[in-house]
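K.L.:
Got a predicted structure here, sequence first:
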Amino acid sequence: MEKKHLSKKILTYPVEAETITYKRKKTKGRKQAILDQFKAEEVHYRLEDCLCPDCNGDLKEIGSHIQRQELIFIPAQLKRVNHIQHSYKCQECSKNSESDKIIKAPVPKVPLAHSLGSASIIAHTIHQKFNLKVPNYRQESDWNKLGLPISRKEIANWHIKSAQYYFKPLYSLLSDILKEQPVLHADETSYRVLESDTHLTYFWTFLSGKDEKQGIILYHHNQRRSGQVVEGFLGDFKGYLHCDMWSAYRTLREASLVGCWAHVRRKFFEATPKNADSSSLAKKGLNYCDKMFALERQWEGLDPEVRHQKRQEELRPLMEEFFDWCREQYVLPESKLGRALKYSLDYEFTFKTVLEDGRLVLSNNLAERAIKSLVMGRKNWLFSQSLEGAESSAVIMTLIETAKLHQVDSEKYITYLLEHLPNEETLAKKEVLEAYLPWTPRIQENCR
């Protein structure tokens with residue numbers, strides 16, 4: 001039987017191509033504004049023989065102009081500074097005594113005696129590790145290229161000693177100030193320390209509320225992740241604490257825990273199938289969360305008292321509706337949606353705490369962003385050799401991240417501390433340390 005070949009006739013229609021006639025406007029003056037902030041160095045190009053190529057007559061200069069401007073990269077360099085101390089003899093006192101009276105001009109102390117690490121070098125190694133996340137072994141090769149043969153062990157020792165001698169008193173003061181604030185955030189993450197008896201240790205972060213003027217981001221290292229750590233650090237803290245639902249935070253008897261709605265939203269998001277329509281239960285739970293965050297964005301610039309009133313009028317009814325909806329759903333308890341519903345209802349009271357005060361926020365994202373700085377560094381550092389190293393990292397990161405919070409250049413700030421703290425008579429006095437806090441006029445003026 002013969003097969004019949006069927007052919008389809010495809011009709012084509014002419015399509016008119018759209019021509020874009022407009023041109024994108026360039027931002028005028030941006031490049032020049034960038035160039036103008038750098039000090040200029042002139043390079044002149046003149047003719048060697050001022051003779052006309054046609055008639056061989058003399059040429060007279062009539063002017064010049066800038067043909068182009070460019071930025072030149074100058075690699076880092078080290079220079080040696082000799083600190084020369086001058087001595088003086090008192091003529092009168094020397095006449096009236098058996099020995100000469102010698103007076104020497106004062107010389108500032110160095111952070112670490114008999115070390116190649118000056119204040120600026122130590123500060124730069126700290127900047128490289130904790131801001132740029134460059135581990136010590138990579139820094140070692142860079143310093144050797146500059147002619148400074150220091151080892152990764154020396155760099156680690158500089159950080160530990162600087163933290164113990166100078167930064168720890170300032171860290172303790174920041175810790176005391178933080179515990180007196182009414183609103184805090186908290187989070188934690190795991191960390192490896194080779195000499196630790198436990199497989200993993202933990203970094204905790206405790207930080208100020210969003211509206212706090214004396215904002216602090218504080219890191220705390222401990223070998224445990226239990227409630228004893230939270231109780232030992234916060235003590236009898238009676239304010240509000242934003243956190244996730246980890247059991248360690250629930251050991252605080254006096255504090256009011258504020259649940260994180262970002263965690264609630266995340267669980268419903270993970271339970272929502274791709275291309276889910278409006279009938280999806282997980283999608284409905286997600287929409288409830290999105291409405292709450294949308295309201296909070298509208299009230300972001302309001303005073304806490306006004307925001308609190310708005311929450312009573314609009315956010316409270318929406319939350320009640322959401323939890324009533326959660327109670328009405330019957331799904332498999334071990335499914336993703338079942339776990340999202342159970343999580344929401346188990347900690348309903350904690351998630352409603354945000355309604356009590358206008359200074360509180362819906363999510364604990366401030367703490368999660370603070371701990372992320374450590375997590376990014378952990379990917380490069382991998383671990384700390386000793387517990388001392390991990391504890392010094394917590395102290396240093398506290399000073400760096402708190403400085404950033406107040407728009408202070410963290411490298412300049414660490415350099416300033418290492419130049420001035422060794423020359424203080426004592427670091428045990430609170431009034432001495434208060435002058436070095438990142439929000440003080442002294443630091444704001446010198447470390448911007």
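P.N.:
The structure has been received and is ready for your questions.

K.L.:
Using PDB, list the CA coordinates for the least confident helix or strand in the chain by mean pLDDT.
P.N.:
Using mean pLDDT, DSSP states H and E, helix 91-95 stands out as the lowest-scoring helix or strand of the chain, at a mean of 84. Output of helix 91-95 as PDB, limited to C-alpha atoms (Å, rounded to 0.1, in the frame of the first residue of the first chain):
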ATOM      1  CA  GLN A  91      73.400  72.400  83.700                       C
ATOM      2  CA  GLU A  92      72.300  73.700  87.100                       C
ATOM      3  CA  CYS A  93      71.300  70.400  88.700                       C
ATOM      4  CA  SER A  94      74.500  68.700  87.300                       C
ATOM      5  CA  LYS A  95      76.700  71.300  89.100                       C
END
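
K.L.:
Report the buried residues of that helix.
P.N.:
By 16 or more other Cβ atoms under 10 Å, helix 91-95 has no buried positions at all. C-beta coordinates here come from the backbone N, C-alpha and C atoms, glycine included.

K.L.:
Against residue 50, how distant is the spatially closest residue to residue 316 that is not a sequence neighbour?
P.N.:
Distances taken as Cβ to Cβ, 6 or more residues apart in numbering place residue 355 nearest to residue 316, at 5.5 Å, with adjacent residues excluded. Using Cβ to Cβ, to the nearest Å, one obtains 84 Å as the distance from residue 355 to residue 50.

K.L.:
Of those two, which one has the most company?
P.N.:
residue 355 (14 against 11; other Cβ atoms under 10 Å).

K.L.:
so the more buried one makes contact with residue 314?
P.N.:
No - Residue 355 is beyond contact range of residue 314, at 10.9 Å (criterion: Cβ atoms under 8 Å).

K.L.:
Report the contact partners of residue 365.
P.N.:
260, 262 (Cβ atoms under 8 Å, 6 or more residues apart in numbering).

K.L.:
What's the per-residue pLDDT of it here?
P.N.:
Note on residue 365: pLDDT of 95.

K.L.:
quick one: it and residue 268, what's the gap?
P.N.:
From residue 365 to residue 268 the distance is 17 Å (Cβ to Cβ).

K.L.:
Could I get the full set of strands for the stretch 251-400 of the chain?
P.N.:
Listed in chain order, the strands of the stretch 251-400 of the chain (DSSP state E, counting those that start in this stretch) span 256-258.

K.L.:
Which parts of it are helices?
P.N.:
Using DSSP state H, counting those that start in this stretch, the helices found in the stretch 251-400 of the chain span residues 261-271, 281-298, 304-310, 316-328, 336-346, 348-351, 365-381, 387-405.

K.L.:
tell me the angle whichever helix or strand comes after the longest one makes with helix 387-405.
P.N.:
Translated: helix 387-405. Next in sequence after helix 387-405, counting helices and strands by DSSP states H and E, comes helix 410-420. With axes from the mean of the first three to the mean of the last three Cα atoms, to 10 degrees applied, the angle from helix 410-420 to helix 387-405 works out at 120 degrees.

K.L.:
who touches helix 410-420?
P.N.:
108, 111, 119-120, 122-124, 126-127, 131, 162, 166-167, 170, 396, 399-401, 403-404, 436, 438, 443, 446-448.

K.L.:
for stretch 211-220, same thing?
P.N.:
171, 174-175, 177-178, 181, 183, 203-208, 229, 233, 304, 359, 370, 374, 393-395, 397-398, 401-402, 405-406, 437, 439.

K.L.:
which of the residues you listed are buried?
P.N.:
By neighbour count, with 16+ other Cβ under 10 Å, the contacts of stretch 211-220 hold 171, 174-175, 177-178, 181, 183, 203-208, 229, 233, 359, 370, 374, 393-395, 397-398, 401-402, 405-406, 437, 439 as buried.

K.L.:
Verify the contact between residue 122 and residue 158 for me.
P.N.:
Yes - using Cβ under 8 Å, residue 122 is in contact with residue 158, at 4.9 Å.

K.L.:
shared neighbours, those two?
P.N.:
By Cβ under 8 Å, 6+ apart, the residues touching both residue 122 and residue 158 are residue 112.

K.L.:
Tell me which residue is most central in this protein.
P.N.:
The chain has residue 401 as the residue nearest its centroid, 4.8 Å off, counting by Cα atoms, centre = their mean.

K.L.:
Tell me, how many residues neighbour residue 322?
P.N.:
With other Cβ under 10 Å as criterion, residue 322 counts 20.

K.L.:
in stretch 431-444, what's buried?
P.N.:
432, 433, 436, 437, 438, 439, 443.

K.L.:
go on, stretch 347-367?
P.N.:
In stretch 347-367, counting by 16+ other Cβ under 10 Å, buried: 347, 350-354, 357-364, 366-367.
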